[in-house]
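**Q** Please work out how this folds:
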Amino acid sequence: MHTYSLTGAGLQRELPICKVTDDLHIGAFICFGDAELTVACAKAMLELLEPGSYDYLFTAEAKSIPLIHEMARQSGAEKYFIARKGEKVYMPDPIHVEDKSITTAGTQRLYLGSDDAAMIRGKRIVLMDDVISTGGIVPSGRISIFSTLARRLITEPFVMR
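**A** Numbers count the residues shown, from 1 in each chain. You can find the predicted model right below:
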């Protein structure tokens, strides 16, 4: 298997090269199961944010969940938000957006309960994307229905070198 060598947050990793299309191959950066990498990346991401510059962290399911959880833990945040890939019984009056991601076949829906939507309304949100090759969570409109409820959308890119 071919790999892509990456140094991020002070750690070296060999990423498997995955074919997305005939013309596009990506190094698959997966934090699942790599606690050391998740902790280091969360710390590096938080260092990019000014203290007090945001109210909540927000991401879409699924690969970025460990990272956003660790960011919340390290920053002392009591709450963060996840747009889910399916409607859940605990979501009152869920709203959704549709998206076509480069890493998921077909169109997918992302859901957020109206209670969570009300909590982020008028708040400053840090929006985390789990696909850093495209940053598609913002320009694709994947989260637009949720982020338009926010007063300020912070989209500081994090590029690992």
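
**Q** Test my guess that residue 120 contacts residue 58.
**A** Yes. Residue 120 lies in contact with residue 58 (Cβ atoms under 8 Å); the separation is 6.9 Å. (Glycine included, C-beta is placed from N, CA and C.)

**Q** Out of these two, name the residue with the larger neighbour count.
**A** Counted by other Cβ atoms under 10 Å, residue 120 and residue 58 do not tie: residue 58 has more neighbours, with 27 against 20.

**Q** how many other residues sit next to the closest residue to that one other than its chain neighbours?
**A** Using Cβ to Cβ, 6 or more residues apart in numbering and skipping residues adjacent in sequence, the residue nearest residue 58 is residue 81, 4.4 Å away. Using other Cβ under 10 Å, residue 81 has 21 other residues around it.

**Q** repeat for residue 44
**A** 16.

**Q** Now do the SS call for it.
**A** What DSSP: H, G, I helix; E, B strand; the rest coil gives for residue 44 is helix.

**Q** pLDDT weak spots in the chain?
**A** 99-105, 130-161 (pLDDT under 70).

**Q** where does residue 16 land in three-state SS?
**A** Of the three states, residue 16 takes strand under three-state DSSP.

**Q** Can you tell me the closest non-neighbouring residue to it?
**A** Of all residues beyond its chain neighbours, the one nearest residue 16 is residue 28 (5.2 Å), with distances taken as Cβ to Cβ, 6+ apart.

**Q** now do residue 55
**A** residue 123 (3.9 Å).

**Q** Now do the phi/psi pair for the one you found.
**A** phi -100, psi 160 (degrees, to the nearest 10).

**Q** isn't it right next to residue 53, touching?
**A** No. At 11.8 Å, residue 123 does not count as touching residue 53 under the criterion of Cβ under 8 Å.

**Q** Run a quick neighbour tally on the residue nearest to residue 55.
**A** For residue 123, the neighbour count with other Cβ under 10 Å is 15.

**Q** if I look at it, how far off is residue 85?
**A** 23 Å (Cβ to Cβ, to the nearest Å).

**Q** what are the ranges of the strands in the chain?
**A** Secondary structure of the chain (DSSP state E): strands at 3-8, 11-21, 24-27, 56-60, 80-83, 95-99, 108-112, 124-128, 152-154.

**Q** Burial check on residue 72, number of neighbours?
**A** Neighbour tally, residue 72, other Cβ under 10 Å: 17.

**Q** please begin residue numbering at 749 from this point
**A** Fine by me, first position is 749 from now on; the one you just mentioned is residue 820.

**Q** That's all I had, so thanks and see you.
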